[in-house]
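Visitor: turn this into a structure:
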Amino acid sequence: MSTDREIRAELVATVRRFVEREVLPVASDMERCDEYPTAIVAGMREMGLFGITIPEAYGGLGLDLPTYIGVIEELAAGWMSLSGVLNTHVMAANLIKMNGTEEQRERWLPRMASGELRGCLSLSEPDAGSDTSALRCKAERDGDEYVITGTKAWVTNGTRAGIVALAARTEEGITCFIVEKKPGPTFEGITVSRDITKLGYKGIETVEMSYDGHRMGSDSVLGGPEGLGRGQHFILSALEVGRINIAARSVGVARAAFEAAIRYAQERETFGKPIAQHQLIQAKIADMGTQLQAARLLTEHAAALKEAGERCDVEAGMAKLFASEAAFTIATESMRIHGAVGYTTDLPIERYFRDAPLMIIGEGTNEIQRLVIARGLLNRYPLEG
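Guide: Here you go, the predicted structure:
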């Protein structure tokens, strides 16, 4: 019988081969065209990746979070946008898995596991990002229905998703709703009101979504009646997974940039020898390799804690903070090692450089991460006496 470690290694190796075969040859061209990777996503679906953390009882692979972050690293090393296609879906599925009623799990998880129903997360608003107390999207009770009105921003996969985990304000407080819709720009009062163009993270839609009197049944409240007013608690827990995911994406981008620099430094010659033999280049390589390894270990540690059911807000924040900053530094240093050619679109170095800043901002800015980490540490080490 295969061990969990062997299963993890086998799946990660399968995804790495998939990336080498299907992603690397086309990623840069598709990214420049801002083209959605339809065929690649279909291949991800065939491998069962949309059900990677969904229990087998609901049709998923039932694999653990450490396995998932290994897959995310491989996808991000090939093309970071692919990890976004998967992550927002996994976050929505985890919300239902962890907090949904049994009826809700049976209703949505099997179709999410197969990839038939793709999910996204909708928390931020134009005037409410890290400050969740500023949420204005409302869900007003009308008999056995809720009427949703408001605007959501930065929704990854919003157009193509068939299910949205939505945070809205009710009489009881912030509540999480599971909104089922038809993929597309409009559906029963839901409109994709704006496509947001970006520096990087291309090939995947990031949109604003407007809700104008959209109606849904009370059975859409995540967790049933007991879930009313508990949305912020549910979503903050989900964001721990999101931040670990961002850290894993960062490791993937950092690894790709680092490996490119290592190859180039051994091929490129100046003053009669490979630049890898120059001490200044060696110092850069040493620092990049150390940062990459530290980022990976922090990410693996946070994932292991989350999988064990332990509190990991501090560790997830540390992993996200360090790995994202490391990815940006390593991408920048890789460009410097490549020199002028690294600044051209002939190589993917400039893509790594443009993708890396997203991880510094996404799932809570690094400024917010520092606050989360500091507060958590102060709570863990109170002043005695």
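Visitor: chain center to stretch 328-337: distance?
Guide: 22 Å (C-alpha atoms, centre = their mean, to the nearest Å).
Visitor: just the strands in this structure please.
Guide: In the chain, the strands defined using DSSP state E lie at 119-122, 138-142, 145-156, 163-170, 173-180, 186-187, 190-195, 206-217, 269-270, 273-274.
Visitor: single out the most deeply packed of these.
Guide: Ranked by mean neighbour count, these are led by strand 119-122 with a mean of 28 (mean count of other C-beta atoms under 10 Å). C-beta: built from backbone N, CA, C; applies to glycine.
Visitor: picking up where we left off before, between the strands of the chain, which gets nearest to residue 253?
Guide: With C-beta to C-beta as the measure, strand 145-156 is the member of the strands of the chain nearest residue 253 (16.6 Å).
Visitor: now do the closest one against strand 163-170, angle only.
Guide: 120 degrees (axes from the mean of the first three to the mean of the last three C-alpha atoms, to 10 degrees).
Visitor: strand 145-156 - contacts with which helices or strands?
Guide: The contact analysis (3 or more C-beta pairs under 8 Å, 6 or more residues apart in numbering; DSSP states H and E) places strand 145-156 against helix 80-99, strand 119-122, strand 138-142, strand 163-170, strand 173-180, strand 206-217.
Visitor: minimum distance to residue 231: which of the strands of the chain has it?
Guide: That would be strand 173-180 among those, by C-beta to C-beta, at 3.7 Å.
Visitor: walk me through the domains of this structure.
Guide: Using automatic domain parsing, the domain parsing of the chain gives 4-114, 119-229, 232-380.
Visitor: could you dump these into a markdown table and include mean pLDDT?
Guide: Formatted as a markdown table, the domains of the chain follow (pLDDT from 0 to 100):
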| stretch | mean pLDDT |
| --- | --- |
| domain 4-114 | 95 |
| domain 119-229 | 93 |
| domain 232-380 | 96 |
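Visitor: quick one, which residue of this protein lies the farthest from its center?
Guide: No residue in the chain sits farther from the centre than residue 272, which is 44.3 Å out by C-alpha atoms, centre = their mean.
Visitor: any idea how far residue 278 is from that residue?
Guide: Going from residue 272 to residue 278 by C-beta to C-beta, to the nearest Å gives 11 Å.
Visitor: neighbours of residue 303, how many?
Guide: Look at residue 303: counted by other C-beta atoms under 10 Å, it has 28 neighbours.
Visitor: quick check: it touching residue 71?
Guide: No. Between residue 303 and residue 71 there is no contact, the gap being 11.6 Å when judged by C-beta atoms under 8 Å.
Visitor: report the contact partners of the nearest residue to residue 187 once chain neighbours are set aside.
Guide: Spatial nearest neighbour of residue 187, chain neighbours left out: residue 181 (4.3 Å); criterion: C-beta to C-beta, 6 or more residues apart in numbering. Residues in contact with residue 181 (C-beta atoms under 8 Å, 6 or more residues apart in numbering) are 161-164, 187-188, 190.
Visitor: between the helices and strands packed on strand 145-156, which one is closest to residue 336.
Guide: Nearest of the helices and strands packed on strand 145-156 to residue 336, taken as C-beta to C-beta: helix 80-99 at 20.3 Å.
Visitor: what's the angle between that closest one and strand 206-217?
Guide: 20 degrees.
Visitor: which parts of helix 80-99 are buried?
Guide: 80-97, 99 (16 or more other C-beta atoms under 10 Å).
Visitor: all helices of this protein, in order?
Guide: 4-18, 27-33, 38-46, 65-78, 80-99, 102-114, 231-267, 279-307, 313-338, 349-361, 366-380 (DSSP state H).
Visitor: wait, which of those is closest to residue 155?
Guide: Of the helices of the chain, nearest to residue 155 by C-beta to C-beta is helix 80-99, at 8.3 Å.
Visitor: any idea which residue sits dead centre in this structure?
Guide: So for the chain, C-alpha atoms, centre = their mean, it's residue 87, sitting 4.1 Å from the centre.
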